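[1] Quick one: sequence plus predicted model below, questions after.
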Amino acid sequence: MKSLKDIKEMLSKSGSLILGTKKEVKELTNIINDDEIITYATSGVYDGHTWLVVSTNKRIIFLDKGMLFGVNQIEIPLSKVNAVKYKKGLFVGEIEIWDGASMFRVKSVLKKTLIPFINAVNNSIEEMKKTQNSPKLSVADEIIKFKRLLDEGAITQEEFDKKKKELL
């Protein structure tokens, strides 16, 4: 489980700009998996409440923590996202996320966070597609690959043995 420090670090690295969602950020420690990376986050109004909207390398998370208790959470796996778009106003805009069956519209999103959020989602989707489409080599194929490197003199016997041991 990620610590609050880890969450804040990821938000900072992504350049996220969020307002009025301090409780939701704290709640992310219970939601973000160890192998998950926050790519961007913003905040806006959805269903009459201020929500934190988080893009990760695996999903989009909508999060609204109640004043005293309760948490509302919506998740859309990136594999289900059909489209993301935005509309700009003078100071704020809207983000729309389509998952095939539904459309989620977040209003009153800071204008300068619209494009970074959309880009983060699209980049994460592209990365996910690349990893899904990349051919997986079997352990035997990997060992053969390293044996060729050994035969060509690119790696030493020690390096080959170490890699073979790791693979097996």
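    Cool, got the structure. Everything numeric here is computed off the predicted structure, so don't read it as measured data. Numbering: from 1, shown residues only.
[2] Show me what the longest helix seen in the chain is packed up against.
    Secondary structure of the chain per DSSP state H: the longest helix is helix 111-133. Using 3 or more Cβ pairs under 8 Å, 6 or more residues apart in numbering; DSSP states H and E, the elements in contact with helix 111-133 are strand 38-46, strand 49-56, strand 83-88, strand 92-98. Backbone N, C-alpha and C define where each C-beta goes, glycine included.
[3] Of all these, which one is nearest Leu28?
    strand 49-56 (6.9 Å; Cβ to Cβ).
[4] Show me the one of the helices and strands packed on helix 111-133 that comes nearest Glu166.
    Going by Cβ to Cβ, the one of those nearest Glu166 is strand 49-56, 28.7 Å.
[5] helices or strands next to the closest one in the packing?
    Applying 3+ Cβ pairs under 8 Å, 6+ apart, we find strand 49-56 packed against helix 22-27, strand 38-46, strand 59-65, strand 103-110, helix 111-133.
[6] coming back round to it: so which of the helices and strands packed on helix 111-133 gets nearest Ile155?
    Ile155 lies closest to strand 38-46 among the helices and strands packed on helix 111-133, at 34.9 Å (Cβ to Cβ).
[7] how much does that closest one deviate in direction from strand 103-110?
    For strand 38-46 against strand 103-110, the angle by axes from the mean of the first three to the mean of the last three Cα atoms, to 10 degrees is 90 degrees.
[8] so how far is the helix or strand that the longest helix of the chain is followed by from its chain's centroid?
    For helix 111-133, the succeeding helix or strand toward the C-terminus, using DSSP states H and E, is helix 139-151. Remark: helix 139-151 is offset 34 Å from the chain centroid, using Cα atoms, centre = their mean, to the nearest Å.
[9] The chain should start at 321 in everything you say after this.
    In the new count, where the first residue is 321, that last one comes out as helix 459-471.
[10] Touching helix 459-471 from outside, list them.
    For helix 459-471, contacts defined as Cβ atoms under 8 Å, 6 or more residues apart in numbering pick out 457, 475-477, 479-480, 483-484, 487-488.
[11] Please apply the same query to stretch 440-457.
    Stretch 440-457 has contacts (Cβ under 8 Å, 6+ apart) with 334, 359-360, 375-378, 380, 398-399, 401, 404, 417, 465.
[12] Tell me what the most centrally placed residue in the chain is bridged to.
    With distances taken as Cα atoms, centre = their mean, Thr376 lies nearest the centre of the chain, 1.2 Å away. Here Thr376 shows beta-bridge partners Ile358, assigned using DSSP bridges.
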